[in-house]
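> Build me a structure from this.
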Amino acid sequence: MTAFRFSSLPNFICVALLVFTVGEIFFGSPVLAQQTGASEIKVPYSMSWGDSIEKLRGMIAAVKAHENSCTEKSPGKVVIEAEGLGIGNPLLRRSLFTFRDGALVEVELQYTDAAWDGDKAVDFFDRTRRRIDERYGAGTLLVNKVRETPNGEKIPKDATYTLIIYNWIQPIVSLELNFYSMEEKENACRIVSLRYRAP
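Residues are numbered from 1 along each chain as shown. Now for the predicted structure:
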């Protein structure tokens, strides 16, 4: 199997990526698990909730990364996409920063590799989950959909998707680990992402 690049995803995969937002539907307010002795979850790139867009852009420039886009998703909600922030980690393909009324409220790190087949992608996801469990305590499984058939007129009949979401919650930040794949014949899109959110 080959993996698509983000820039060349066919329409059916772009449509199916909407399934990825299921995490927001299930996010809700899961019970805060007892995590005695767990390390503190920190916002990536030494940033803090409430930081400004200007501070983010300064950080991107300082490490010679690249801002791909700045999009207003809804009134007061701005998402900035950046590449080149995966210093020492070539699997980190892009980082998304969400601002509400000019204040940072979410950071998403998206990992993928054109060489991943299904087993390699799942192995990366499992190893990442185990490392997070060791650091922050056992996560909560929110979504576990494996090889489901997506709905939609433009989606091929033999397409399947997998969506698995784990969540860790602390008083000042929550962390969500997502595994998403869309497969159709010999084409596939596989993404593992870490989503850090303000409470």
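> Verify the stated contact: residue 132 with residue 139.
Yes: taking Cβ atoms under 8 Å as the definition, residue 132 is a contact partner of residue 139 at 6.4 Å. (Glycine included, C-beta is placed from N, CA and C.)
> Residue ranges in this structure under the pLDDT threshold?
For the chain, residues meeting the criterion pLDDT under 70 lie at 1-37.
> quick one: the helices in it?
Secondary structure of the chain (DSSP state H): helices located at 11-16, 22-27, 53-62, 118-136.
> Can you tell me how far residue 60 is from residue 102?
Between residue 60 and residue 102 the distance is 17 Å, computed by Cβ to Cβ, to the nearest Å.
> hang on, the earlier thing: which among the helices of the chain is found nearest to residue 73?
Nearest to residue 73, of all those, is helix 22-27, at 12.1 Å by Cβ to Cβ.
> which neighbours do residue 132 and residue 139 share?
166, 168, 177 (Cβ atoms under 8 Å, 6 or more residues apart in numbering).
> between the residues you listed, which is nearest residue 90?
Distance ranking of the shared contacts of residue 132 and residue 139 against residue 90, using Cβ to Cβ, places residue 177 first at 19.5 Å.
> what sits opposite that closest one in the beta ladder?
Partner residues in beta bridges with residue 177: residue 166, residue 194, with DSSP bridges as the criterion.
> can I assume it is in contact with residue 127?
No: here residue 177 does not reach residue 127: they are 11.2 Å apart, not a contact under Cβ under 8 Å.
> which one of these two has more residues nearby?
More crowded of residue 177 and residue 127, by other Cβ atoms under 10 Å: residue 177, with 21 against 11.
> can you tell me how far that one sits from residue 132?
Using Cβ to Cβ, we find residue 177 at a distance of 6 Å from residue 132.
> which residues touch residue 148?
Contact partners of residue 148, counting by Cβ under 8 Å, 6+ apart, are 160, 161, 162, 163.
> Spit out the contact partners of the first one.
Right, residue 160. For residue 160, the residues meeting the contact criterion (Cβ under 8 Å, 6+ apart) are 147, 148, 149, 150, 182, 183, 184.
> So what pairs up with the residue lying closest to the first one once chain neighbours are set aside in the strands?
Of all residues not flanking residue 147 in the chain, residue 160 sits nearest, at 4.6 Å (Cβ to Cβ, 6 or more residues apart in numbering). With beta bridges defined as DSSP bridges, residue 160 has these partners: residue 183.
> ok so, going back, would you mind finding the most buried of the helices of the chain?
Stretch with highest mean neighbour count among those: helix 11-16 (a mean of 17; mean count of other Cβ atoms under 10 Å).
> What segments of the protein are strands?
With DSSP state E as the definition, the chain shows strands at residue ranges 2-3, 66-74, 77-83, 92-100, 103-111, 140-148, 160-170, 173-184, 187-197.
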